[in-house]
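Undergrad: Sequence first, predicted model second:
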Amino acid sequence: MIAPGPALLVFALLLLGAAGIAWPVHGLAARFRRARRDARRIGVEDTLKYLYHREAEGLAVHADAIAGALGVRPTAARDLLERLGAAGLVTSAGVTHALTDRGRQEALRVVRTHRLLEQYLADRTGVAPDEWHTFAEDAEHDLTPEEAEALAARLGQPRFDPHGEPIPTADGTLPVTAIRPDGPPPERTLADAAPGETVRVRRLTGECRGPQRRRLLDLGVVPGTTITAELSSPGGDPVAYRIRGALIALRRQQAAWIEIDGPGRAA
């Protein structure tokens, strides 16, 4: 026969364990439900943003591409697209998918939050430029629309992020023809770098826009990045540059979009 004392102790522990799981607000079950809701919301916002960026590049989007971008199974991407379609945010034509007007507005809201966060990181923190995008990717899902607008007011309603990309307005419009005022022409660009020279990026010029700007940003061409001119083709165009450990070929026109600091040093 089990003694009353140990039996009561075991019963109390089991009761506490059950309460910890089933507690309405702080229990494990409630936390799990919140985590699932957050994951679904993040998936929705990331999908809308991905569709928006591909739309800006004039590219058709398939479910497999979304799966690859989000790091999920194709079946999960298709389920997500079905939910977005039912919500009136995405329309489908065969195997390709595109944003509706409502979906585009929601995507622009996420893009606005992301670019405001990058501007905040650039202006108010010591976070390195090559980490702005990653930090903003994580934090953009945590800000409510009200918090995003408070951040915009704190920053003085910036029109461009630190990469020169236009920030959508609060009403969801994006001046696609806007160019960040760059002042006088750059004194020196990457196209001026001599073979073997290592230079530091100051910024991308206003002439670099759309998919070309996004490609350079994805390669890590942000303020402060060091680039070395490694190899030149026989005709001098393109040139292979060492960017963040990778050898990347850029044509002279592309290199001319990258403004650099003064004379660098030999590699």
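TA: Looks like it arrived, so ask away.

Undergrad: residue ranges of the helices in this structure, please?
TA: 4-22, 28-56, 63-70, 74-86, 101-124, 132-139, 145-154, 210-218, 252-255 (DSSP state H).

Undergrad: now the ones you listed as a markdown table including mean pLDDT?
TA: Below are those laid out as a markdown table (pLDDT from 0 to 100):
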| stretch | mean pLDDT |
| --- | --- |
| helix 4-22 | 55 |
| helix 28-56 | 73 |
| helix 63-70 | 91 |
| helix 74-86 | 93 |
| helix 101-124 | 91 |
| helix 132-139 | 89 |
| helix 145-154 | 92 |
| helix 210-218 | 74 |
| helix 252-255 | 91 |
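
Undergrad: mind checking which of these is nearest residue 232?
TA: The minimum distance between residue 232 and those falls on helix 252-255, with 10.2 Å, by CB to CB. From N, CA and C alone the C-beta is placed, and that goes for glycine too.

Undergrad: and the protein, what are its domains?
TA: The chain breaks down by automatic domain parsing into domains covering 28-99, 190-266.

Undergrad: Quick one: closest of the ones you listed to residue 132.
TA: domain 190-266 (7.3 Å).

Undergrad: and of the domains of the chain, who's closest to residue 163?
TA: Among those, domain 190-266 sits nearest to residue 163 (CB to CB), with 5.6 Å.

Undergrad: Just the pLDDT for the closest residue to residue 51 other than its chain neighbours.
TA: The shortest distance from residue 51 to any non-neighbouring residue, by CB to CB, 6 or more residues apart in numbering, is to residue 99 (5.1 Å). Listed pLDDT for residue 99 reads 96.

Undergrad: Residue 99 bridge partners, please.
TA: residue 90 (DSSP bridges).

Undergrad: ok, now which ones touch it?
TA: Contacts for residue 99 (CB atoms under 8 Å, 6 or more residues apart in numbering) come out as 48, 51, 52, 55, 89, 90, 91, 107.

Undergrad: let's see it at 7 Å
TA: Listed by CB atoms under 7 Å, 6 or more residues apart in numbering, the contact set of residue 99 reads 48, 51, 52, 55, 89, 90, 107.

Undergrad: now residue 96
TA: 60, 61, 62.

Undergrad: Where does confidence bottom out across those residues?
TA: Where pLDDT dips furthest among the contacts of residue 96: residue 60, at 88.

Undergrad: For the stretch 151-267 of the chain, give me the ranges with low pLDDT.
TA: Across the stretch 151-267 of the chain, the ranges flagged by pLDDT under 70 are 174-185, 209-211, 262-267.

Undergrad: Would you mind listing the buried residues in stretch 62-75?
TA: For stretch 62-75, the neighbour count (16 or more other CB atoms under 10 Å) marks 62, 63, 65, 66, 67, 69, 70, 72 as buried.

Undergrad: picking that back up, now for the contacts of residue 99, which pair is the farthest apart?
TA: Pairwise over those, using CB to CB, the maximum falls at 55 and 89, 13.0 Å.

Undergrad: Which one's more surrounded, those two?
TA: More crowded of residue 55 and residue 89, by other CB atoms under 10 Å: residue 89, with 22 against 16.

Undergrad: export the helices of the chain to a markdown table and tack on distance to residue 160?
TA: Shown next, in a markdown table, are these (distance: least, CB to CB, whole Å):
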| stretch | distance to residue 160 |
| --- | --- |
| helix 4-22 | 49 |
| helix 28-56 | 16 |
| helix 63-70 | 25 |
| helix 74-86 | 29 |
| helix 101-124 | 8 |
| helix 132-139 | 14 |
| helix 145-154 | 13 |
| helix 210-218 | 12 |
| helix 252-255 | 21 |
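
Undergrad: what separates residue 241 from residue 220, distance-wise?
TA: Going from residue 241 to residue 220 by CB to CB, to the nearest Å gives 11 Å.
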